[in-house]
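Undergrad: Predicted coordinates and the sequence they were generated for:
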Amino acid sequence: MSIINRYFGVLLLLSCLTGMIVPSAGEATSLIVMLSLAFIIFCSFFQINFSVESLFSDFQISIRFWFFRYLAIPVAVYFLFRYISGFYATVLLLSFLLPAAVSSPSFTAIFGGRPELSLKILVYSSFLAVLTIPFIMRWLLGSSIHVPAGKMLMTLVYTIIIPFMVHLPLRKISMVKNITGRYNALFTLIGLCTIFVVVTARNKQTILENPVLVGIYAAEALALYGILYLAGYYLLPSVSAGVRKTFSISSGANNIGLGVTITALFFPGQMNIFFIVSQLAWVVALIPLRKLLVKK
């Protein structure tokens, strides 16, 4: 487990490269991605203490962070870019709306933040994303892009709400809870690697045929993640360093697997390619981030 924690980002990067050489799963890709996401989120729920006291401690600061980072900023960024580029306005809107990654509490613990606060942000942002992603995108994009809010809502229900409901009776079984707690990083790694392999494999031909476009998207995605991490760190500057690290990780380590799933199902083409490339940027950004936050 210590090896997994230490080389988490490197292992994810290797999974992306593996996707370039393995055969594609074809039409089963979307189902595999959804099941993998549901599995990761299912395991992550066992790490959370759902007592009233734990969930509502730090409630005010968590909700304040959520409001600015996952609601106000996405809308502001969209209006800032809508007259510059409709494509990038949509890409940035979804990127900023994506909830915190299920692996963010693990990263927070590794990088010296507050994992219990990260867990709360994960819960709030994930459950509220069920409403914010489909309906804000439908509201802002309007007729410019067909956004099936109902189908998108059900996708989020399958990957977030149902895993939560299934885990409730199982968390009472000590053996299940102990195993998921002890090997959570491993289960998260397995789920993320599965997503990265199958999605990269499905789109490797497009990636290989458009190396210049992929290079541009990679540079843009790296810049985007740099902004996301910085935005989280400096969003509420008056809080302690540990909280700022937590906010930085919760902001930058977004649920890119969910973004890939949504774009694969509802926004095929270049937007899906951007989020596929963003997987690599998501992983690469973790490497310098670890050195930066541990030093801080």
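TA: Happy to help now that I have it. Numbers count the residues shown, from 1 in each chain.

Undergrad: Gly113 is in what secondary structure piece?
TA: Using DSSP states H and E, Gly113 sits in no helix or strand.

Undergrad: Check Leu224 too.
TA: helix 211-234.

Undergrad: Please apply the same query to Ile4.
TA: Assigned by DSSP H and E, Ile4 belongs to helix 2-6.

Undergrad: Show residues contacting the helix or strand following that helix.
TA: Under the assignment DSSP H and E, the closest C-terminal helix or strand after helix 2-6 is helix 8-18. Residues from elsewhere that reach helix 8-18 (C-beta atoms under 8 Å, 6 or more residues apart in numbering): 4, 103, 106-107, 110, 185, 189, 192-194, 196-197, 200, 279-280, 282-284, 286-287, 290. C-beta: built from backbone N, CA, C; applies to glycine.

Undergrad: rerun that using 7 Å as the cut-off
TA: Helix 8-18 has contacts (C-beta atoms under 7 Å, 6 or more residues apart in numbering) with Leu189, Leu192, Cys193, Phe196, Val197, Thr200, Gln279, Leu280, Val283, Val284, Leu286, Ile287.

Undergrad: looking only at pLDDT, what's the mean for that helix?
TA: Per-residue pLDDT over helix 8-18 has a mean of 78.

Undergrad: Please apply the same query to stretch 59-72.
TA: Average pLDDT, stretch 59-72: 92.

Undergrad: Just the buried residues of it, please?
TA: Within stretch 59-72, the residues that qualify as buried are Ile61, Ser62, Phe65, Trp66, Phe68, Arg69, Tyr70, Leu71, counting by 16 or more other C-beta atoms under 10 Å.

Undergrad: ditto for stretch 249-265
TA: Buried-residue list, stretch 249-265, by 16+ other C-beta under 10 Å: 249-265.

Undergrad: Stretch 232-239 too?
TA: Neighbour-count burial for stretch 232-239 [16+ other C-beta under 10 Å]: Gly232, Tyr233, Leu235.

Undergrad: Check stretch 148-162 too.
TA: Judged by neighbour count using 16+ other C-beta under 10 Å, the buried positions of stretch 148-162 are Ala149, Met152, Leu153, Thr155, Leu156, Thr159, Ile160, Ile161.

Undergrad: ends of it, how far apart?
TA: One end of stretch 148-162 to the other measures 20 Å (C-alpha to C-alpha, to the nearest Å).

Undergrad: contact partners of it?
TA: Counting by C-beta under 7 Å, 6+ apart, 34, 37-38, 41, 126-127, 129-130, 133-135, 138, 258, 261-262, 265-266 sit against stretch 148-162.

Undergrad: So for the helix holding Leu224, mean pLDDT?
TA: Helix 211-234 carries an average pLDDT of 90.

Undergrad: to the chain's geometric centre, what's the distance from it?
TA: With C-alpha atoms, centre = their mean, to the nearest Å as the basis, helix 211-234 stands 14 Å off its chain's centre.

Undergrad: now swap in stretch 205-222 and tell me
TA: 20 Å.

Undergrad: Then stretch 39-47?
TA: Distance, stretch centre to chain centre, for stretch 39-47: 14 Å (C-alpha atoms, centre = their mean).

Undergrad: where's Asn272, which helix or strand?
TA: helix 270-295.

Undergrad: Which strands or helices does that helix pack on?
TA: Helices and strands touching helix 270-295, as assessed by 3 or more C-beta pairs under 7 Å, 6 or more residues apart in numbering; DSSP states H and E, comprise helix 8-18, helix 86-97, helix 184-202, helix 211-234, helix 241-252, helix 256-266.

Undergrad: Of all these, which one is nearest Gly142?
TA: Smallest distance to Gly142 across the helices and strands packed on helix 270-295 (C-beta to C-beta): 11.3 Å, for helix 86-97.
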